[in-house]
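Asker: My questions concern the predicted model and sequence given below.
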Amino acid sequence: MNEPPTRNVVDIEVVADRTADLGPDEGFLRFRRLTLRNRYDDGSFSEPYPCDLVSRVQIDAVAVVPYERRDDGTVRVALRTGVRPPLHFRPAKKIPHAELTEDVMLIELVAGLLEPDDAGPGGVERRAALECLEEAGYDVPPAAMKPLGAPLFATPGISDERVHYRSIATDLDERGAPIGDGSVMEEAGEVLLVDLHEAIRMCRDGRIRDMKTEVGLVRLRDELAG
């Protein structure tokens with residue numbers, strides 16, 4: 001196993017604030033401020049109301065659970081730590097309840113956005129396999145990917161992002177160095193091998209704080225239970 005050195009982010013520096021320089025469609029996210037009204041099935045309309053929408057060019061994503069069932073019947077899963085800059089700015093906001101100290105490094109499933117060439121049959125599986133290689137160093141065949149239930153909308157109150165869930169059975173000790181995707185976001189972090197039930201407990205007690213990760217882990221547990 002070719003294990004790369006671990007790099008963790010301990011702080012984030014704001015080099016520039018581009019908020020005033022870019023329009024709503026010029027950044028990574030697309031932002032719209034709309035006034036809407038609902039048309040009801042009886043032909044009437046609601047009062048107009050404001051609604052802000054956030055989207056991306058790639059509006060769908062895939063989250064993958066690489067796992068192995070060991071000889072004693074227990075199951076291990078591969079998770080990854082990665083930097084999440086929005087968490088860095090939470091302490092500066094007024095939060096009306098007590099919470100755990102936020103860390104910019106978050107434990108998550110392997111995941112990534114679907115690209116335009118992922119459209120069509122098998123596209124989600126190809127992207128899932130590529131993300132396993134980029135983020136965790138697992139070279140796995142797309143055809144071995146298994147669906148974990150239907151896709152879910154992540155934050156439908158503000159965003160149209162939808163997450164597809166997949167699992168892949170593989171030898172978790174047989175992996176190379178993650179190749180990354182060339183972005184700074186994937187320069188830091190490490191791969192963690194965790195017992196499946198312990199990983200779910202980590203979601204419940206706050207050691208894992210990512211919603212899609214708990215959904216994927218619980219779905220895998222249910223799938224393996226039969």
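Answerer: In hand now; what should we look at?
Asker: Can you check the pLDDT for E99?
Answerer: You'll see E99 listed with a pLDDT of 59.
Asker: Could you do the one 4 residues further on as well?
Answerer: Note for D103: predicted pLDDT of 74.
Asker: from what I can see it touches R90, true?
Answerer: No: assessed by Cβ atoms under 8 Å, D103 is found out of contact with R90, at 10.4 Å. C-betas here are computed from N, CA, C, even on glycine.
Asker: ok, the two, which is more surrounded?
Answerer: With neighbours defined as other Cβ atoms under 10 Å, D103 and R90 compare such that D103 has more, 16 against 12.
Asker: where's the residue nearest to that one when sequence neighbours are not counted relative to V104, distance?
Answerer: Distances taken as Cβ to Cβ, 6 or more residues apart in numbering place L87 nearest to D103, at 7.0 Å, with adjacent residues excluded. According to Cβ to Cβ, to the nearest Å, L87 and V104 sit 5 Å apart.
Asker: F153 - how many residues pack around it?
Answerer: Look at F153: counted by other Cβ under 10 Å, it has 11 neighbours.
Asker: for the chain, longest helix please?
Answerer: Looking across the chain with DSSP state H, the single longest helix is helix 211-225.
Asker: buried set for that helix?
Answerer: Of all the residues in helix 211-225, those buried under the rule 16 or more other Cβ atoms under 10 Å are 212-221, 223.
Asker: Then stretch 166-183?
Answerer: When burial is assessed from 16+ other Cβ under 10 Å, stretch 166-183 yields the following buried residues: 166-170, 172, 175, 178, 180.
Asker: Let me know the closest of the residues you listed to S44.
Answerer: R166 (43.4 Å; Cβ to Cβ).
Asker: Walk me through the domains of this structure.
Answerer: Domain assignment for the chain, taken from automatic domain parsing, gives 17-55, 58-225.
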